[in-house]
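# With the input below, show me the fold.
(one chain, ligands or ions: 2)
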Amino acid sequence: MLRPKPFDHKTCFSLKEALHLLDDSAGGIKILAGGTDLLPNLKHRLYPETGAVLSLRNLPELRGVETQQNELIIGAGERLADLSSHPALVATLPALAATFGTIASPQIRNMATLGGNLCLDTRCRYINQTDFWRQALGGCLKSHGDQCHVVPGGKNCVAAFSGDAAIALIALEAEVELLSVQGQRRIPLVQLYRSNGAAHLTLHPNELLSRIFIPLISGRKLAFRKWSVRRSIDFPLVNLAVRMDSDAGGNVQKLVAVVGVLAAKPKVFPRLADLLESGTLDARGIETIADFLFRKCAPLPNVPYDPGYRKEMLRVQARRALHALLQEDLLSVRQD
Ligand SMILES: Cc1cc2nc3c(=O)[nH]c(=O)nc-3n(C[C@H](O)[C@H](O)[C@H](O)COP(=O)(O)OP(=O)(O)OC[C@H]3O[C@@H](n4cnc5c(N)ncnc54)[C@H](O)[C@@H]3O)c2cc1C
Ligand code: SF4
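Numbers count the residues shown, from 1 in each chain. Ligands and ions are numbered 1, 2, ... in the order given. Just a heads-up that it's a prediction; the model follows:
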């Protein structure tokens, strides 16, 4: 059985107290939300500097779903299972609620929070192993070594971000609020990520992700698709979201794709509408865009399955997502 290094468990009853604890800890404390990513990683001894965890369980400030003006605001402590069937979310962003319902298994969704899913650590077949296993290989850039086993000679860790929620939320132009004792900052969600898989978040060690803001734009459509081997439990091996904004005449104004599991930072393709010769999304346009994404995306051998096969599956999922934009009313972003 894998055991973590002993650690302290801290509980706070106000956000202010939590922020002070984080600030005082100089990075030695990890935030514990649902624990479904943090605890396995502690057991794998990925964070040797961590002496304590700070539970978010008793912080009501991190809960809630509300609509204010033209945006939906979700507390980072909301659980994925609750969000997938939340009436306000199902009514305004049904495609997003459905996306949350595809993450991991029902048991994990009952524990996992949206904030935890957005701050999920990166994954690689050389890092999601025991400490003993990693040491036998001499470590790597993400675990006390100076080499990368995926890109020999590489100086940057390319471990993959494998979260699903961020892919759909970035496509929807979501923003996140980050809090610390110094104050608050609000940034586009895409800026939370950077391309170094060993330190893939731009979140400071004394900051906490508190809320997610999603613009509600009438007529906007979203489709999310992913491929994994055991659909009910596995991490995605390919995932993507496509978003389309059209005018009243059905002409596509903006078509965006966001692709995950390629590297530490989701890849955004913001100008796909330029590839549509007819100005509308038709069968030919779907093939053109699916082929374009196929050519531009290069899965690496750091997660299971052959990268060439995953690349083919990306084209298949892109085609399905684009078709869904045309067919499924469920995938519309509604704002009545
Ligand atoms: C078997 C299995 C299958 C899975 N399949 C999928 C899948 O298909 N799709 C997918 O997207 N995910 C998948 N996951 C990952 C799972 O969804 C995540 O573990 C979960 O969403 C993390 O949420 P949590 O609340 O448990 O976070 P935790 O494990 O508590 O935390 C995760 C990380 O985020 C940090 N953190 C948490 N909350 C905050 C906050 N508010 N501010 C700042 N930092 C914070 C923690 O310090 C930690 O580093 C799977 C996990 C398992 C074990
Ligand atoms: S991509 Fe390279 S450096 Fe990063 S975890 Fe994998 S083996 Fe280590």
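# Show the contacting residues for Ala166.
Contact analysis of Ala166 by Cβ atoms under 8 Å, 6 or more residues apart in numbering lists Asn117, Leu118, Leu189, Leu192, Tyr193, Gly260, Pro266. All C-beta atoms are positioned from the backbone trio N, CA, C, and that covers glycine.
# Ligand 2 contacts on the stretch 151-300 of the chain?
Contact residues (Cβ under 6 Å from any ligand atom) of the stretch 151-300 of the chain with ligand 2: Cys157, Val158, Ala159, Gly197.
# From the residues you listed, pick the one nearest ligand 2.
Cys157 (3.2 Å; Cβ to the nearest ligand atom).
# does the closest one really touch Ala264, like I thought?
Yes. With contacts counted by Cβ atoms under 8 Å, Cys157 reaches Ala264, the gap being 7.2 Å.
# what touches both of those two?
Thr122, Asn196, Gly197.
# Are we agreed that the second one is in a helix?
Put plainly, it is Asn196. No. Applying DSSP: H, G, I helix; E, B strand; the rest coil, one finds Asn196 to be coil, outside a helix.
# and Ala136, how far is that from Met1?
Here Ala136 is placed at a distance of 20 Å from Met1 (Cβ to Cβ, to the nearest Å).
# out of these two, which sits in the more crowded spot?
For Ala136 versus Met1, neighbours defined as other Cβ atoms under 10 Å are more numerous around Ala136 (10 against 3).
# For the more buried one, list the residues it contacts.
No contacts exist for Ala136 under Cβ under 8 Å, 6+ apart.
# How much space separates it from Arg3?
As judged by Cβ to Cβ, Ala136 and Arg3 stand 19 Å apart.
# Mind jotting down where the helices sit in the stretch 1-150 of the chain?
Under the criterion DSSP state H, counting those that start in this stretch, helices of the stretch 1-150 of the chain are mapped to 15-24, 38-43, 80-84, 87-92, 94-100, 106-111, 114-118, 131-136.
# Residue of the stretch 201-336 of the chain nearest ligand 2, please.
Closest point on the stretch 201-336 of the chain to ligand 2, by Cβ to the nearest ligand atom, is Asn302, at 5.0 Å.
# Any figure for the gap between that residue and Val150?
With Cβ to Cβ as the criterion, Asn302 and Val150 are 5 Å apart.
# Return the residues of the protein in contact with ligand 1.
Residues of the chain lying near ligand 1 (Cβ under 6 Å from any ligand atom): 30-38, 76, 103-104, 108, 111-113, 115-117, 119-121, 163-164, 203, 208-209, 233, 235-236.
# what is the mean pLDDT for the helix ranked longest in the chain?
Using DSSP state H, we find that the single longest helix of the chain is helix 307-327. In this model, helix 307-327 has a mean pLDDT of 95.
# what's the answer for stretch 113-124, then?
So the average pLDDT for stretch 113-124 ends up being 98.
# what domains does the record give for this structure?
7-54, 62-119+160-215, 221-331 (automatic domain parsing).
# can I get the ones you listed in a markdown table with distance to Ile127?
Output for these, formatted as a markdown table (distance: least, Cβ to Cβ, whole Å):
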| stretch | distance to Ile127 |
| --- | --- |
| domain 7-54 | 7 |
| domain 62-119+160-215 | 9 |
| domain 221-331 | 9 |
